[in-house]
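Undergrad: let's see this in three dimensions:
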Amino acid sequence: MPRPRLDHVRKAQILSAAAEVLSERGYANTRVVDIAKEAGTSPAAILYWFEGKDGLLAQALALREQEFHDRYTVRSGSKPTASEQLRTMVEAMLHHYDWGLWMELCVLALRDKAAGAERDRMDRRWRAALRNVIRLGQESGEFLAGDPDETMFVLAALIDGWAPLLAVKAKGVTRDRVERAWLAEAGRLLGPGFDTSPLKRTR
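TA: Numbering: from 1, shown residues only. I've put the predicted structure just below:
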């Protein structure tokens, strides 16, 4: 009987290690040998699977994003109201998403078409999820009537603008301050059916 191939397991381990190292050290300060050490393999094995750090970064973030999406989509979908679903999504994006790694991908996307396509795919997925919850609340009468795409555009832009500042620890930009401001604006756009009380921090 032939031995089972474990290539897919090794590749996933390398990607997970790459995400950890890239998130901690940043793209410019990460070497392939650093990732190999974290993954318990050799630089040659990494270069067998990937075309250097560029390919690793895009795929590592894609893996992290998929894990994040699966975890919080299930958690959000289990909530009974659109308000609770939206709050769960935003709590996840503000307090659990790896924005440092996302910023590294955005910089790479400026010069790499594959990274740009991956960044665009992730962005469209997040915006679609946000739009769907807003539309759900509007159709049920929980939120004020309006264009769900326009409402999504504003609320997504607020997170997209503030989250990177949180990642770099910009002076005066705290998670509590961003959370309060986002909830206030969401309440203004969605109406009294949206719960603007402080988010519950989960793990």
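
Undergrad: please make it C-alpha for all contacts and neighbour counts, starting now.
TA: Noted.

Undergrad: hmm, who's touching stretch 75-93?
TA: 72-73, 130, 133-134, 136-137, 142, 159, 193-195, 199-201 (C-alpha atoms under 8 Å, 6 or more residues apart in numbering).

Undergrad: so which bits of that stretch are buried?
TA: For stretch 75-93, the neighbour count (16 or more other C-alpha atoms under 10 Å) marks 76-77, 81-93 as buried.

Undergrad: what's downstream of the biggest helix by length in the chain, the next helix or strand?
TA: Criterion DSSP state H: the longest helix present in the chain is helix 113-140. The helix or strand immediately downstream of helix 113-140 is helix 148-167, counting by DSSP states H and E.

Undergrad: with only the CA atoms kept, save that next one in PDB.
TA: Output in PDB follows, covering the C-alpha atoms of helix 148-167 (Å, rounded to 0.1, in the frame of the first residue of the first chain):
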ATOM      1  CA  PRO A 148     -27.500  48.700   2.000                       C
ATOM      2  CA  ASP A 149     -24.600  49.200  -0.300                       C
ATOM      3  CA  GLU A 150     -24.200  52.900   0.600                       C
ATOM      4  CA  THR A 151     -24.600  52.200   4.300                       C
ATOM      5  CA  MET A 152     -22.000  49.400   4.000                       C
ATOM      6  CA  PHE A 153     -19.600  51.700   2.200                       C
ATOM      7  CA  VAL A 154     -19.500  54.200   5.000                       C
ATOM      8  CA  LEU A 155     -19.400  51.700   7.900                       C
ATOM      9  CA  ALA A 156     -16.700  49.600   6.200                       C
ATOM     10  CA  ALA A 157     -14.600  52.700   5.400                       C
ATOM     11  CA  LEU A 158     -14.600  53.700   9.100                       C
ATOM     12  CA  ILE A 159     -13.100  50.300  10.100                       C
ATOM     13  CA  ASP A 160     -10.700  50.300   7.100                       C
ATOM     14  CA  GLY A 161      -9.500  53.700   8.100                       C
ATOM     15  CA  TRP A 162      -9.200  53.200  11.900                       C
ATOM     16  CA  ALA A 163      -8.000  49.600  12.200                       C
ATOM     17  CA  PRO A 164      -4.500  50.200  10.600                       C
ATOM     18  CA  LEU A 165      -4.000  53.100  13.000                       C
ATOM     19  CA  LEU A 166      -4.800  50.700  15.800                       C
ATOM     20  CA  ALA A 167      -2.300  48.300  14.400                       C
END
